[in-house]
Each structure stands twice: as structure tokens, then as C-alpha cells.
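S.K.: what follows is a predicted protein model with its sequence.
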Amino acid sequence: MAENIVVIRFEVSLASAQKALEAALDEAADNSWDISVAVVGISGELIAFAKADNAIAVSPAVAMEKARTAALLKAPSKMFEEYINSGKPSFLSTPGVTALEGGVPIIVDGHVIGAVGVSGAHGSNDSQVAEAAAQAITVSY
């Protein structure tokens, strides 16, 4: 007789994503950075997005791609950028990912439940803002 298997999958809620956006915008404002920020689910689909008034025009698309990369790879997009920069250009053929720092997974109880991507503050600053956003997400059971 086959056993019943129950799979519980946590994912970022809209309310949590909005809280992450607020944390990202606050962190960026504290540092005078004009950013775009995207929060995606575990499959890389957009849940919430915000763009500061003076963020550069390309930043929305880049933020969404950084978030998608972190969700799909279940790792910071910086890791993917480091693969490319360390002489592994074949990774550029990986579909649906971008090799730019600033995307971080949202991890709860050891499970990736989504990701945050930030663009507009450049490299490590984007990661700093994305980390602040990811840390703002909490899960209640």
C-alpha cells in the first residue's frame, strides 16, 4: 500500500513582499541610493515591485532579473557573477539568469521561499539593500 505524502511549500506572501519592499526602500533612502527592488516567489515569478522616483530606467528590469536568478539558483546572484568573472563564461548560456550582484534568496527554516533583487545602488550596495529586504520577511505558523 502506498503511503500518503504531504508536501508543504512555503512561499513569500504579498504582505511579506510588501514589507520587504518597505525595508529595501528605507535602507536605500538611509544611504541616498535610488533603487528598484523586486520580490519574487520560488519559481522566479514577480510578487511585488517598487521603483524609487529617481532610479535609473534600466533598474526595474535588472532588479527583477537579479531576484529571479537568486530564486532559481537558490543562491545569491553574486555567486553566479563570480563564476563568470573567474573564467567560466559558459555559465552565461544558462537560461533565465543574470550574472550581476544584488539578488539574494529569502530563506526561512533552511528553505528558499523566494528572492529579492535590487538594482541602482551598484554591486555590494545592491546586495546590502536586498539583504535588508530579505531579513524583513518573517513567517508565522
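M.R.: Yes, it's here.

S.K.: helix, strand, or coil at residue 63?
M.R.: Here residue 63 is helix, with the state taken from DSSP: H, G, I helix; E, B strand; the rest coil.

S.K.: residues contacting residue 58?
M.R.: Counting by Cβ atoms under 8 Å, 6 or more residues apart in numbering, residue 58 touches residue 119. For every residue, glycine as well, the C-beta is placed using N, CA and C.

S.K.: can you check what pLDDT the model gives it?
M.R.: Residue 58 is assigned a pLDDT of 98 by the prediction.

S.K.: so where's the longest strand in the protein?
M.R.: The longest strand of the chain (DSSP state E) is strand 111-119.

S.K.: which SSE is immediately downstream of that strand?
M.R.: Once the chain leaves strand 111-119, the next helix or strand it forms, by DSSP states H and E, is helix 124-135.

S.K.: helices and strands around that following helix, which ones?
M.R.: Helix 124-135 sits against helix 14-30, strand 36-40, strand 103-108, strand 111-119, with contacts defined as 3 or more Cβ pairs under 8 Å, 6 or more residues apart in numbering; DSSP states H and E.

S.K.: the longest one: which residues count as buried?
M.R.: Read it as helix 14-30. With burial defined by 16 or more other Cβ atoms under 10 Å, the residues of helix 14-30 counted as buried are 16-17, 19-21, 23-25, 27-28.

S.K.: so residue 71 versus residue 133, what's the distance?
M.R.: Distance, residue 71 to residue 133, by Cβ to Cβ, to the nearest Å: 13 Å.

S.K.: same question but for residue 122, I mixed them up
M.R.: The gap separating residue 122 from residue 133 is 16 Å, by Cβ to Cβ.
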